[in-house]
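A.B. asks: Next come a sequence and a model predicted from it.
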Amino acid sequence: MGNACCCIQVDQSNVAITEKWGKFDEVMEPGCHCLPWPLGYQIAGHLSLRLQQLDVKCETKTKDNVFVNVVASIQYRAIANKASDAFYKLSNTRNQIQAYVFDENELEPSTFSVIRGSVPKLLLDDAFEQKNDIAKAVEEELEKAMSAYGYEIVQTLIVDIEPDKHVKHAMNEINAAARMRVATNEKAEAEKILQIKRAEGEAESKYLSGLGIARQRQAIVDGLRDSVLGFSVNVPGTTAKDVMDMVLVTQYFDTMKEIGASSKSSAVFIPHGPGAVRDVAAQIRDGLLQGSATN
């Protein structure tokens with residue numbers, strides 16, 4: 001330091017606090033200075049102007065009685081033109097900042113900390129959502145408090161809010177249950193849409209099937225009518241009843257032929273003989289007549 005030559009060196013980003021006979025004299029900027037120590041001058045100490053960071057953690061309780069650990073990160077530095085206040089007014093800057101953030105103020109015991117004054121007013125979910133607001137409130141309060149001691153607060157961050165592990169597990173279960181409920185609703189909606197589409201498809205299929213059957217029957221009726229008319233014209237003296245009986249006999253034998261030709265057909269027991277055909281014809285005629293009477 002060159003004390004033998006009454007010269008001292010102050011490093012960059014630092015200042016030196018000098019005293020004369022134990023009383024504050026001046027703040028020396030970085031560089032080389034002459035300090036006549038034989039005349040009572042001495043270096044009381046050095047003060048760093050560099051940015052410093054303090055990470056603090058404290059337990060507090062939210063409005064819904066959940067204990068949480070709040071982790072905050074505070075960046076601060078000494079103010080160059082208030083170096084004497086920063087050097088003399090506080091013996092432990094870090095402890096004082098922590099006291100303002102979490103504990104009761106050591107210089108003003110009646111003043112509660114910012115965190116313990118803010119978090120207990122919030123529910124747990126609100127505390128997570130308002131971390132930036134809490135950090136801003138901490139920064140404003142610290143700035144007002146620490147500026148009187150020669151320090152400025154550059155930035156404050158609420159890094160994390162950690163609830164008890166049991167509470168965290170319960171929150172995860174609640175979140176999982178909520179997501180499961182949403183998934184169940186979505187699945188039910190999908191099944192509902194699928195059933196609706198399936199019902200619409202079945203309705204459309206049945207409608208088209210009905211149209212096909214109706215057209216088929218219409219074609220059969222038209223064919224029978226044309227056959228009766230053609231036969232009556234070509235064979236004089238025949239009545240519509242005679243032609244219908246003949247057509248039914250033809251259809252009857254065609255049906256029997258198809259049943260006998262199929263290797264996978266089941267056994268069918270029906271009365272066989274001309275009388276049976278006559279009965280079938282009578283039943284068909286009765287059905288047509290009843291339908292005509294109803295219409």
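C.D. replies: Looks like it came in fine.
A.B. asks: For the stretch 151-295 of the chain, which segments count as helices?
C.D. replies: For the stretch 151-295 of the chain, the helices defined by DSSP state H, counting those that start in this stretch occupy 165-234, 240-261, 274-294.
A.B. asks: Worst mean pLDDT among these?
C.D. replies: Mean pLDDT is lowest for helix 274-294 out of the helices of the stretch 151-295 of the chain, coming in at a mean of 60.
A.B. asks: which stretches of the stretch 1-150 of the chain aren't confidently modelled?
C.D. replies: Applying pLDDT under 70 to the stretch 1-150 of the chain flags the ranges 1-5, 102-113.
A.B. asks: If we use 80, what do you get?
C.D. replies: Residue ranges of the stretch 1-150 of the chain with pLDDT under 80: 1-6, 58-59, 98-118.
A.B. asks: quick one, strands of it?
C.D. replies: 7-10, 14-20, 23-28, 31-34, 41-48, 52-61, 67-78 (DSSP state E, counting those that start in this stretch).
A.B. asks: out of the ones you listed, which comes closest to Asn92?
C.D. replies: Nearest of the strands of the stretch 1-150 of the chain to Asn92, taken as CB to CB: strand 52-61 at 11.3 Å. Using the backbone N, CA and C atoms, a C-beta is placed for each residue, glycine as well.
A.B. asks: Just put the strands of the stretch 1-150 of the chain in TSV and tack on distance to Asp222.
C.D. replies: Output for the strands of the stretch 1-150 of the chain, formatted as TSV (distance: least, CB to CB, whole Å):
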stretch	distance to Asp222
strand 7-10	118
strand 14-20	113
strand 23-28	118
strand 31-34	119
strand 41-48	109
strand 52-61	90
strand 67-78	86
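A.B. asks: Can I get those in JSON lines including distance to Ile158 and mean neighbour count?
C.D. replies: Listed next are those as JSON lines, based on distance: least, CB to CB, whole Å; neighbours: other CB atoms under 10 Å:
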{"stretch": "strand 7-10", "distance to Ile158": "37", "mean neighbour count": "16"}
{"stretch": "strand 14-20", "distance to Ile158": "31", "mean neighbour count": "19"}
{"stretch": "strand 23-28", "distance to Ile158": "34", "mean neighbour count": "15"}
{"stretch": "strand 31-34", "distance to Ile158": "40", "mean neighbour count": "12"}
{"stretch": "strand 41-48", "distance to Ile158": "26", "mean neighbour count": "15"}
{"stretch": "strand 52-61", "distance to Ile158": "11", "mean neighbour count": "15"}
{"stretch": "strand 67-78", "distance to Ile158": "5", "mean neighbour count": "19"}
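A.B. asks: I figured Val68 was touching Lys57, is that so?
C.D. replies: No. Assessed by CB atoms under 8 Å, Val68 is found out of contact with Lys57, at 10.7 Å.
A.B. asks: Overlap of the contact sets of those two?
C.D. replies: Between them, Val68 and Lys57 share no contacting residue under CB atoms under 8 Å, 6 or more residues apart in numbering.
A.B. asks: ok, now which ones touch Ala72?
C.D. replies: 55-57, 101-102, 115, 135, 138, 156-159.
A.B. asks: Asn14 is in contact with Gly31, isn't it?
C.D. replies: No. Using CB under 8 Å as the test, Asn14 is too far from Gly31 to be in contact (10.5 Å).
A.B. asks: circling back: list only buried entries from the contacts of Ala72.
C.D. replies: 56, 101-102, 115, 135, 138, 156-158 (16 or more other CB atoms under 10 Å).
A.B. asks: can you redo the residues you listed as TSV with distance to Ala261?
C.D. replies: Output for the buried ones among the contacts of Ala72, formatted as TSV (distance: CB to CB, whole Å):
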residue	distance to Ala261
Val56	96
Val101	98
Phe102	97
Ile115	94
Ala135	91
Val138	95
Thr156	95
Leu157	90
Ile158	88
